[in-house]
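1. got a predicted structure plus its sequence, pasted below:
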Amino acid sequence: MKGQKGFTLIELIIVIAIIAILAAVAIPNYLGFRDRANISAAKDALGSLRTALEARAADKGYYADTDDTSSIGYLVTEKIIDDTAKFESSWASHTYDIDRTTYKVQVTAKDRDSTVVELTPTGITP
């Protein structure tokens, strides 16, 4: 058997251990980046929604004038938002509460912790 070339079992185990250590470090970092990106996408969509709501209020003097203000359908029919797919793809679920003087929109981001992002006339939190 002298002169045969190849890897020994110990060398293969060491290589597999190194790959496992690298994966153990890289995967949580990747998931953290993805979660922050999902939260940022939800905040971005809410920022666009806030701009539309404030523009409507500046134009008409109020945020909403009907009783059916709790659904995304209201926001679309009133032309407050045009592309529902853009908004709904950014979050897992949402609730709206809009009336003549104020609004509150809560969305759940598509992250591992299901972070709730809230939009009010004072800003976006967290």
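-> That came in fine, so what should we check first?
2. going forward, measure contacts and count neighbours with C-alpha atoms only.
-> Noted.
3. tell me the contacts of Thr102?
-> Shown in contact with Thr102 (C-alpha atoms under 8 Å, 6 or more residues apart in numbering): Tyr63, Thr120, Pro121.
4. just the buried residues of those residues.
-> Tyr63, Thr120 (16 or more other C-alpha atoms under 10 Å).
5. and the longest helix seen in the chain, what does it pack against?
-> Assignment by DSSP state H gives helix 9-60 as the longest helix of the chain. Where contact means 3 or more C-alpha pairs under 8 Å, 6 or more residues apart in numbering; DSSP states H and E, helix 9-60 is packed against helix 84-88, strand 103-109, strand 116-120, strand 123-125.
6. switch to 10 Å and redo it
-> helix 72-77, helix 84-88, strand 91-98, strand 103-109, strand 116-120, strand 123-125 (3 or more C-alpha pairs under 10 Å, 6 or more residues apart in numbering; DSSP states H and E).
7. state the mean pLDDT of it.
-> Here helix 9-60 scores 87 as its mean pLDDT.
8. give me the angle between it and strand 91-98.
-> 20 degrees (axes from the mean of the first three to the mean of the last three C-alpha atoms, to 10 degrees).
9. report the angle between helix 9-60 and strand 103-109.
-> 170 degrees.
10. run the angle between helix 9-60 and strand 116-120 for me.
-> Using the same axes, to 10 degrees, helix 9-60 lies at 20 degrees relative to strand 116-120.
11. could you tell me the least trusted of the helices and strands packed on helix 9-60?
-> helix 72-77 (a mean of 59).
12. hmm, back to that, and which of the contacts of Thr102 is nearest to Ile19?
-> Thr120 (46.7 Å; C-alpha to C-alpha).
13. roughly how far apart are Ala52 and Ile27?
-> 38 Å (C-alpha to C-alpha, to the nearest Å).
14. those two: which has the busier surroundings?
-> Ala52 (18 against 11; other C-alpha atoms under 10 Å).
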